[in-house]
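1. Provided below are the primary sequence and the corresponding predicted coordinates.
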Amino acid sequence: MKAGHELALEFLRVTEAAAIESAKTMGQGDRKHSDHVAVEAMRQVMDTVPMRGKIVIGEGERDEAPMLYIGEEVGGGEFNDEVRETFPEIDIAVDPLEGTNLCALGANNAIAVLAAAERGGLLNAPDIYMDKIVVGPSCRGAIDIDAPVKENLKNIARRLGRDIDDLTVICLDRPRHKQLISDVRATGARIRLISDGDLSAGISAAVAGTNIHALMGIGGAPEGVITAAALKCLNGEIQARLVFEAEKLGVDASKVPNKEKVMERMRSMGISDPNKVYDTNDLAPGKKIVFAATGVTDGALLRGVRFFGAGKRTHSLVMTTDSKNIRFVDTVHVEGGPDAVIRF
Ligand code: VTB
């Protein structure tokens with residue numbers, strides 16, 4: 001049976017392929033197309049991984065997504081059933097192109113990303129919103145999603161040995177965050193408002209040197225699960241709660257799915273308490289977690305795909321809970337003939 005760290009390099013090939021294909025469409029202004037090519041490439045390479053994989057977070061339900069839909073079985077495509085039986089059972093959460101708009105506009109921080117774990121190791125979160133607070137290792141245990149913003153920032157500042165004004169909070173720039181943004185501003189902390197991509201933003205909050213100290217606010221629940229998988233490898237912390245109420249989202253009730261429908265969907269996914277506060281382990285309970293992300297456009301942590309005559313170059317982050325290795329992987333995909341020049 002392949003250990004997590006062996007599969008990590010297999011998953012690296014998967015996110016690299018998705019990143020390369022979507023990066024080719026950068027700036028074309030067609031987010032759906034960018035997403036589509038990422039999904040296709042991810043699905044194709046995923047099938048070559050020696051595993052009995054199952055998508056638990058993906059592109060949607062079977063009837064709405066032709067590939068990488070929830071419940072789809074992936075992996076081991078080149079092997080017969082007898083050999084396939086010997087492969088490990090893996091649950092996979094994918095976001096083939098996190099930040100479709102970012103890619104379509106050529107803006108920073110679009111990534112191709114996935115998380116994998118043993119069966120049952122990732123929460124099967126519904127595709128709705130999730131309120132999140134994310135911090136790095138030094139601030140683990142110092143946050144409370146129900147505490148006032150000021151208190152959380154005071155505690156984070158104390159743990160980091162600095163003043164609140166020295167903190168930077170990252171947050172999606174959305175009308176629903178009006179109060180949150182004004183609360184953060186009132187403390188004197190600085191804010192980085194982003195147009196999209198709270199997954200890579202959450203990871204930045206857990207990595208020292210990015211000058212991001214916390215992510216706060218409401219983004220996607222699937223992104224929250226993948227963030228949690230990364231945080232387990234990085235020793236960070238996320239606290240989160242599902243959000244489906246129109247008033248919390250700052251939109252008209254007609255803009256959100258009917259509450260009963262959402263409840264029904266949650267129940268079908270095994271969620272009995274819609275107001276539960278999830279921590280890192282609730283979102284990603286797995287013991288053998290693999291996380292892989294490849295930059296599509298340049299970002300805070302990862303460089304975007306670079307194209308040159310003889311090939312392409314990708315920059316990725318690959319981590320597992322198994323090993324204590326956080327790998328930043330710089331891959332040159334050589335396509336030219338024997339005369340291709342590889343640059344340092
Ligand atoms: C969220 C966030 C993602 O899209 O899902 C967001 O988690 C969608 O939010 O990182 P809105 O409906 O408010 O636009 C991303 O930013 C990118 O996919």
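-> Yes, it's here.
2. So which residues on the chain come close to the ligand?
-> Taking C-beta under 6 Å from any ligand atom as the contact definition, the chain meets the ligand at 98-99, 172, 174, 196-199, 219-220, 223. Bear in mind the C-beta positions are built from the backbone N, C-alpha and C, glycine included.
3. repeat that with 8 Å
-> 95, 98-102, 129-130, 172, 174, 176, 194-201, 218-220, 222-224 (C-beta under 8 Å from any ligand atom).
4. Of those residues, grab the buried ones for ChimeraX.
-> To isolate the buried members of these in ChimeraX, using 16 or more other C-beta atoms under 10 Å:
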select :95,98,99,100,102,129,130,172,174,176,194,196,197,198,199,200,201,218,219,220,222,223,224
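5. Can you tell me which of the residues of the chain next to the ligand end up in helices?
-> Counting by DSSP state H, the residues of the chain next to the ligand place 100-102, 198-201, 222-224 in helices.
6. Just put those in CSV and tack on distance to Ala110.
-> Below are those laid out as CSV (distance: C-beta to C-beta, whole Å):
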residue, distance to Ala110
Thr100, 8
Asn101, 8
Leu102, 4
Asp198, 13
Leu199, 10
Ser200, 8
Ala201, 12
Pro222, 16
Glu223, 13
Gly224, 18
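7. quick check, nearest of these to Val113?
-> Using C-beta to C-beta, Leu199 comes nearest to Val113 of those, at 6.5 Å.
8. pretty sure the closest one is touching Ala115, no?
-> No: applying C-beta atoms under 8 Å as the test, Leu199 and Ala115 come out as separate, 10.1 Å apart.
9. Could you tell me the model confidence score at His5?
-> What the model reports as pLDDT for His5 is 62.
10. Kindly apply the preceding question to Arg140 instead.
-> Predicted confidence (pLDDT) for Arg140: 97.
11. For it, give me its contacts.
-> Contact partners of Arg140, counting by C-beta atoms under 8 Å, 6 or more residues apart in numbering, are 235-237.
12. In ChimeraX, how would I select just the buried ones from the residues you listed?
-> Buried residues among the contacts of Arg140 (16+ other C-beta under 10 Å), as a ChimeraX selection:
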select :236,237
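13. Give me the subset of the contacts of Arg140 lying in helices.
-> Counting by DSSP H, the contacts of Arg140 contribute nothing to helices.
14. So which of the contacts of Arg140 sit within strands?
-> Among those, the members falling in strands (DSSP state E) are Glu237.
15. coming back round to it: need the overlap of contacts for Leu199 and Ala115.
-> Shared contacts of Leu199 and Ala115 (C-beta under 8 Å, 6+ apart): Ile226.
16. that older thread, quick one: the contacts of Arg140 as CSV, columns for pLDDT too.
-> Output for the contacts of Arg140, formatted as CSV (pLDDT from 0 to 100):
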residue, pLDDT
Asn235, 97
Gly236, 98
Glu237, 98
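17. Tell me the one of the contacts of Arg140 nearest the ligand?
-> The ligand lies nearest to Gly236 out of the contacts of Arg140, by C-beta to the nearest ligand atom, at 16.8 Å.
18. Next up, the contacts around the closest one.
-> By C-beta under 8 Å, 6+ apart, the contact list for Gly236 reads 134-137, 140, 205-206, 230, 280.
19. Identify the farthest-apart pair in these.
-> Within the contacts of Gly236, Arg140 and Ala230 form the most distant pair, 14.3 Å apart (C-beta to C-beta).
20. where does this structure have low pLDDT?
-> Applying pLDDT under 70 to the chain picks out residues 1-5.
21. switch to 50 and redo it
-> Low-confidence segments of the chain, defined by pLDDT under 50: 1.
22. Restricting to C-alpha, output stretch 172-183 in PDB.
-> Output of stretch 172-183 as PDB, limited to C-alpha atoms (Å, rounded to 0.1, in the frame of the first residue of the first chain):
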ATOM      1  CA  LEU A 172     -12.700  38.700   0.500                       C
ATOM      2  CA  ASP A 173     -13.900  42.100  -0.700                       C
ATOM      3  CA  ARG A 174     -17.600  41.500  -0.500                       C
ATOM      4  CA  PRO A 175     -20.500  43.700   0.700                       C
ATOM      5  CA  ARG A 176     -21.300  40.900   3.300                       C
ATOM      6  CA  HIS A 177     -18.100  41.900   5.000                       C
ATOM      7  CA  LYS A 178     -18.900  45.500   5.600                       C
ATOM      8  CA  GLN A 179     -19.200  45.100   9.400                       C
ATOM      9  CA  LEU A 180     -16.200  42.800   9.600                       C
ATOM     10  CA  ILE A 181     -14.000  45.200   7.700                       C
ATOM     11  CA  SER A 182     -15.100  48.100   9.800                       C
ATOM     12  CA  ASP A 183     -14.500  46.100  13.000                       C
END
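23. Lovely, talk soon.
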